[in-house]
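Student: Sequence and predicted model, in that order:
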Amino acid sequence: MTAGVRRIIHVDMDAFYASVEQRDDPSLRGKPVAVGGQPGARGVVAASSYEARVFGVRSAMPMARAVRLCPDLVIVRPDFQRYRAASQRILDIFRSCTPLVEPLSLDEAYLDVSDNLWGETLATPVAGRLKQRMGEETQLSASAGVAPNKFLAKIASGWQKPDGLTVISPGRVEAFLQQLPVDALWGVGPVTAAKLRKIGIARLVEVRAADPELLRRAVGGLADALRRLAMGDDPRPVLPDRPYKSSSSENTYNEDLLDLDEIRAEIGRMARQTADWLARKELLARTVTIKVRYADFTTVTRSHTAAAPTRDPDELAARALMLLARTDAGRRPIRLLGAGVHGFDGDDAAIGFPGVLRFED
Ligand SMILES: [Mg+2]
């Protein structure tokens with residue numbers, strides 16, 4: 001580890017799937033393009049070109065709605081093989097600069113360039129060179145954020161899109177934090193943001209002065225992380241080649257659980273953990289599953305699949321609790337509980353999406 005200030009870059013490709021399509025098929029250039037499933041098959045928009053965004057077409061929107069907003073929309077079926085190939089070339093460029101590359105998805109990665117193979121002392125010229133090489137070698141554009149940590153670098157990359165380069169030097173961190181609404185953070189969805197506003201917190205920096213008990217009641221386990229981030233503090237290292245973690249969590253208890261309130265609290269906590277994981281990975285899931293193992297080792301699972309994918313912690317927790325009501329929790333002693341999320345269902349398979357839907361911008 002380098003002592004002192006870290007230099008982190010977050011790179012986010014611009015309208016990645018749609019840009020790859022426009023690059024590979026010149027007839028799509030300059031046109032409103034949406035990558036996704038057909039409107040008749042209840043398809044959704046996985047990515048839209050900037051020309052389509054002018055009409056209000058957005059990722060995760062039902063394709064039928066997108067077509068109503070933009071009647072000339074060109075719908076392209078996703079081809080993940082080509083997106084993966086483009087992603088691989090981009091990662092090769094990143095790794096020519098530093099081994100500390102952490103991909104978050106096909107079109108997004110963190111780089112720690114504190115020490116880099118290009119011999120640059122500052123991160124800003126590194127980011128500029130990365131963008132230039134991506135343009136030359138892949139004909140794709142990206143937006144980059146440069147900052148002393150991951151949290152700030154990621155927000156910075158979204159600040160000016162497309163083809164942006166936003167730098168938050170250590171001396172500008174405080175001024176930057178002052179501008180952020182609280183829902184700029186991962187893990188803070190609309191429901192959580194509404195709860196925070198109810199206790200008078202609209203801006204991230206207002207978390208600093210919040211009453212700790214009030215904050216905990218509003219956002220539960222998110223409170224500590226929020227307080228740290230409100231100070232601009234994010235110690236997470238850039239982890240190269242980190243495999244996707246499982247999106248489920250489970251726990252075996254030393255003593256069997258019989259108290260229903262306690263069991264409900266545990267399931268709610270686990271469901272919220274999966275929501276955090278989805279937020280970090282920028283994934284959405286349709287299906288919530290819980291697992292209950294009774295003291296006699298009989299194990300049951302219960303699943304619920306919703307029409308719309310989500311990562312809202314409140315919704316996921318509510319659905320997990322609804323599933324818990326369909327078990328013998330509270331009536332039979334329980335030795336293990338688990339909760340997880342999955343995106344796979346018939347619709348996704350039919351339109352060629354991978355198991356968990358990911359929307360990009
Ligand atoms: Mg992107």
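Tutor: Okay, I see it. Numbers count the residues shown, from 1 in each chain.
Student: what's the spacing between the residue in the stretch 51-200 of the chain positioned nearest to the ion and S157?
Tutor: Per Cβ to the ion, the residue of the stretch 51-200 of the chain with the smallest distance to the ion is D107, at 4.4 Å. Using the backbone N, CA and C atoms, a C-beta is placed for each residue, glycine as well. From D107 across to S157, the span is 11 Å (Cβ to Cβ, to the nearest Å).
Student: Same check on R133?
Tutor: R133 is 17 Å from S157, by Cβ to Cβ.
Student: So between those two, which is more surrounded?
Tutor: Set side by side, R133 and S157 show more neighbours around S157, with 25 against 16, by other Cβ atoms under 10 Å.
Student: Contact residues of the chain facing the ion?
Tutor: 12-13, 16, 107, 360 (Cβ under 5 Å from the ion).
Student: rerun at 8 Å
Tutor: Residues of the chain lying close to the ion by Cβ under 8 Å from the ion are 12-16, 107-108, 142-143, 360-361.
Student: can you list those residues in a markdown table and add distance to R172 and pLDDT?
Tutor: A markdown table is the format used below for these (distance: Cβ to Cβ, whole Å; pLDDT from 0 to 100):
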| residue | distance to R172 | pLDDT |
| --- | --- | --- |
| D12 | 20 | 96 |
| M13 | 25 | 96 |
| D14 | 24 | 95 |
| A15 | 28 | 95 |
| F16 | 28 | 95 |
| D107 | 26 | 89 |
| E108 | 23 | 91 |
| A142 | 22 | 97 |
| S143 | 18 | 97 |
| E360 | 28 | 41 |
| D361 | 25 | 40 |
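Student: remind me which residues of this protein are low pLDDT?
Tutor: 1-3, 186-189, 241-247, 343-361 (pLDDT under 70).
Student: longest helix in it, by residue count?
Tutor: The helix that spans the most residues within the chain, counting by DSSP state H, is helix 260-281.
Student: nearest residue to I93 other than its sequence neighbours?
Tutor: Spatially, and ignoring its direct neighbours in sequence, I93 is nearest to R133 (5.1 Å; Cβ to Cβ, 6 or more residues apart in numbering).
Student: do T327 as well
Tutor: In space, and not counting its chain neighbours, T327 is closest to V292: 4.8 Å by Cβ to Cβ, 6+ apart.
Student: for the one you found, what are its contacts?
Tutor: Counting by Cβ atoms under 8 Å, 6 or more residues apart in numbering, V292 makes contact with 299-302, 324, 327-329, 334, 336-338.
Student: for R203, same thing?
Tutor: By Cβ under 8 Å, 6+ apart, the contact list for R203 reads 178, 180-182.
Student: Just the buried ones among those, please.
Tutor: 180, 182 (16 or more other Cβ atoms under 10 Å).
Student: Now, the contacts of R203 that are in strands?
Tutor: Residues of the contacts of R203 located in strands (DSSP state E): none.
Student: So which of the contacts of R203 is the closest to R129?
Tutor: R129 lies nearest to L180 out of those, by Cβ to Cβ, at 28.3 Å.
Student: Go ahead and confirm that closest one touches I155.
Tutor: Yes: if you go by Cβ atoms under 8 Å, L180 and I155 touch, sitting 7.0 Å apart.
Student: can you give me the helices for the chain?
Tutor: Along the chain, counting by DSSP H, helices occupy 16-24, 50-53, 63-69, 80-95, 123-138, 150-157, 173-179, 190-198, 212-219, 223-230, 260-281, 313-324, 346-350.
Student: thinking again about what came up before, can you spell out which helices and strands pack onto the longest helix of the chain?
Tutor: strand 101-105, strand 248-257, strand 283-294, helix 313-324, strand 334-342 (3 or more Cβ pairs under 8 Å, 6 or more residues apart in numbering; DSSP states H and E).
Student: The residue nearest to I93 and K291, how far apart?
Tutor: 46 Å.
Student: Neighbours of the residue nearest to A156 when sequence neighbours are not counted, how many?
Tutor: Spatial nearest neighbour of A156, excluding adjacent residues (Cβ to Cβ, 6+ apart): G145 at 2.8 Å. If you count neighbours by other Cβ under 10 Å, G145 ends up with 27.
Student: what does F176 give?
Tutor: 18.
Student: show me the contacts for the most far-flung residue of the chain relative to its centre.
Tutor: Most distant from the centre of the chain: D296, at 38.4 Å, with distances by Cα atoms, centre = their mean. By Cβ under 8 Å, 6+ apart, no residues touch D296.
Student: Please spell out which residues along stretch 293-304 are buried.
Tutor: 293-294, 302.
Student: Can you tell me which of those residues is nearest T124?
Tutor: Closest approach between the buried residues of stretch 293-304 and T124, by Cβ to Cβ: R302, at 51.1 Å.
Student: and L283, how far is that from the ion?
Tutor: From L283 across to the ion, the span is 14 Å (Cβ to the ion, to the nearest Å).
Student: Distance to G56 for the contacts of V292 - can I get that in JSON lines?
Tutor: Formatted as JSON lines, the contacts of V292 follow (distance: Cβ to Cβ, whole Å):
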{"residue": "T299", "distance to G56": "46"}
{"residue": "V300", "distance to G56": "44"}
{"residue": "T301", "distance to G56": "40"}
{"residue": "R302", "distance to G56": "38"}
{"residue": "L324", "distance to G56": "39"}
{"residue": "T327", "distance to G56": "43"}
{"residue": "D328", "distance to G56": "48"}
{"residue": "A329", "distance to G56": "44"}
{"residue": "I334", "distance to G56": "47"}
{"residue": "L336", "distance to G56": "46"}
{"residue": "L337", "distance to G56": "42"}
{"residue": "G338", "distance to G56": "40"}
